[in-house]
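1. Starting from these lines, generate the structure:
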Amino acid sequence: MKKKILVTGASGFIGSTIIDKALELGYDAWAGIREGSSKKYLQDSDINFINLNYASKDILKEQLNDLSKLNGPFDYIVHCAGITKAINTDDFDNVNYLQTQNFVDALIETNTTPELFVFMSTLGVMGPGDEINYTPISHNQVPNPNTAYGKSKLKAENYIKGISNFPYLFLRPTGVYGPRDKDYLILIKSIKNGFEVGAGYKKQILSFIYVEDLADIIFDSINKNISRREYNISDGDSYTDTEFNDIVKGVLGKRRTIKFKLPLQVVKAAASINEKLSQLLGKATTFNSDKYNIMKQRNWKCDITPLQDELGFKAKYPLQTGVERTIKWYQLEGWL
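-> Model prediction:
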């Protein structure tokens, strides 16, 4: 019998890629999506759909009980559902922390706890790295997030971690990119149009993970029965912002660009104004105080030794290859 896996937040670019991988590997794949969410990347007829109400533990319990009676409980859950932007910072806690708490509690109280509950967190839970010697961010460091998003994810991690014997895995990826992603598309479009825009004058070290490598880590963890662990995730390399831009320019065949750096104080002021404007308009924006804190951070290099030692991880898609595949997809889809 096929193992059953639920991926929440499955309409997103990460969630939909995990669903693709689950189908490829022969799992009984269930996509957790909100009513009205796009199914553009969830077209396979073998996908089962479910809309779970994370805001109400009681309703969640009813849904999980009904599902369990009809189909049996889920063997694995990958919880990608959450928000990365909000009108009010309290929304981060309400969705990323409290709704995750409801979900975990409902699973326990209905005796439907999976063999593994993968929580998609973020490298941002670790907070700013060493910006003097640029030593990699280590899993041994005490997490100290400086964004509302990172704080909400850490609260969820700590809650889950405090439950005895609950089979969790926390994945803390750095910048995730690949087909279907719209965040790095903005930067790549800018370079295509001849502009390289940076924030701050001090050297910035970046790290990345191609979305398919991230999906592979999930299923490798399942196969190796990993439980009650957390992994910081990147492809194992690090780059300056200039090196990243050069790779993009090379793939695009772009020889000349106009380069300029904005002072961090200018970026901070612009983010603050944009955030206030979004609150007045009642529409969430990604260019906010959180984004400023991310942009000002100079060191995103992370130590993935545990990932390499315990899973034998080696990225299939280093940055050059990943950017080539991503830009090709953008071009085929007419995004670029």
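
2. pLDDT (mean, whole number) over the helix or strand where R325 lies?
-> R325 belongs to helix 319-333 when assigned by DSSP states H and E. Per-residue pLDDT over helix 319-333 has a mean of 98.

3. how about the strands in the stretch 151-300 of the chain?
-> With strands called from DSSP state E, counting those that start in this stretch, the stretch 151-300 of the chain shows them at 168-173, 175-177, 195-199, 205-206, 208-210, 229-233, 239-240, 258-262.

4. what about the helices in the stretch 151-300 of the chain?
-> With DSSP state H, counting those that start in this stretch as the criterion, the stretch 151-300 of the chain has helices at 183-192, 211-223, 241-252, 264-281, 289-296.

5. Let's have the ones you listed in JSON lines, adding mean pLDDT.
-> Converted to JSON lines, the helices of the stretch 151-300 of the chain look like this (pLDDT from 0 to 100):
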{"stretch": "helix 183-192", "mean pLDDT": "95"}
{"stretch": "helix 211-223", "mean pLDDT": "98"}
{"stretch": "helix 241-252", "mean pLDDT": "96"}
{"stretch": "helix 264-281", "mean pLDDT": "88"}
{"stretch": "helix 289-296", "mean pLDDT": "87"}
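
6. These: which one's closest to F119?
-> Evaluated over those, closeness to F119 peaks at helix 211-223, with 11.0 Å, by C-beta to C-beta. Heads up, the C-betas are built off the backbone N, CA and C, glycines and all.

7. how many neighbours does P306 have?
-> Close neighbours of P306, defined as other C-beta atoms under 10 Å, add up to 16.

8. For I19, give me the pLDDT.
-> The model's pLDDT for I19 equals 98.

9. do the same with M1
-> According to the prediction, M1 has pLDDT 86.

10. Could you do the one 10 residues further on as well?
-> Per-residue confidence at S11 stands at 96 (pLDDT).

11. quick revisit: kindly reformat the helices of the stretch 151-300 of the chain as CSV containing mean neighbour count and distance to F92.
-> Shown next, in CSV, are the helices of the stretch 151-300 of the chain (neighbours: other C-beta atoms under 10 Å; distance: least, C-beta to C-beta, whole Å):
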stretch, mean neighbour count, distance to F92
helix 183-192, 16, 17
helix 211-223, 20, 22
helix 241-252, 17, 27
helix 264-281, 14, 13
helix 289-296, 20, 9
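
12. what does stretch 271-280 contact?
-> The contact list for stretch 271-280 (C-beta atoms under 8 Å, 6 or more residues apart in numbering) reads 87-88, 284-285, 287-289, 291-292.

13. thinking again about what came up before, same list, the helices of the stretch 151-300 of the chain, but as CSV with distance to I5 please.
-> Output for the helices of the stretch 151-300 of the chain, formatted as CSV (distance: least, C-beta to C-beta, whole Å):
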stretch, distance to I5
helix 183-192, 26
helix 211-223, 8
helix 241-252, 33
helix 264-281, 35
helix 289-296, 30
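
14. Need the three-state assignment for P145.
-> Here P145 is recorded as coil under DSSP: H, G, I helix; E, B strand; the rest coil.

15. Test my guess that it contacts S121.
-> No - P145 lies out of contact with S121 (C-beta atoms under 8 Å); the separation is 10.2 Å.

16. Pick out whichever of the two has more residues nearby.
-> Each of P145 and S121 has its neighbours counted (other C-beta under 10 Å); S121 has more, 28 against 21.

17. before we move on, the earlier item: what's the overlap in contacts for P145 and S121?
-> Common neighbours of P145 and S121 are listed as 153-154 (criterion: C-beta under 8 Å, 6+ apart).

18. thinking again about what came up before, for the contacts of stretch 271-280, give me TSV that also has distance to D105.
-> Shown next, in TSV, are the contacts of stretch 271-280 (distance: C-beta to C-beta, whole Å):
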residue	distance to D105
I87	27
N88	24
A284	27
T285	32
F287	34
N288	30
S289	31
K291	32
Y292	34
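
19. returning to that earlier point: buried ones in the helix holding R325?
-> Across helix 319-333, burial judged by 16 or more other C-beta atoms under 10 Å covers 319, 322-323, 325-327, 330.

20. now the angle from that helix to helix 241-252?
-> If you take axes from the mean of the first three to the mean of the last three C-alpha atoms, to 10 degrees, helix 319-333 sits at 50 degrees to helix 241-252.
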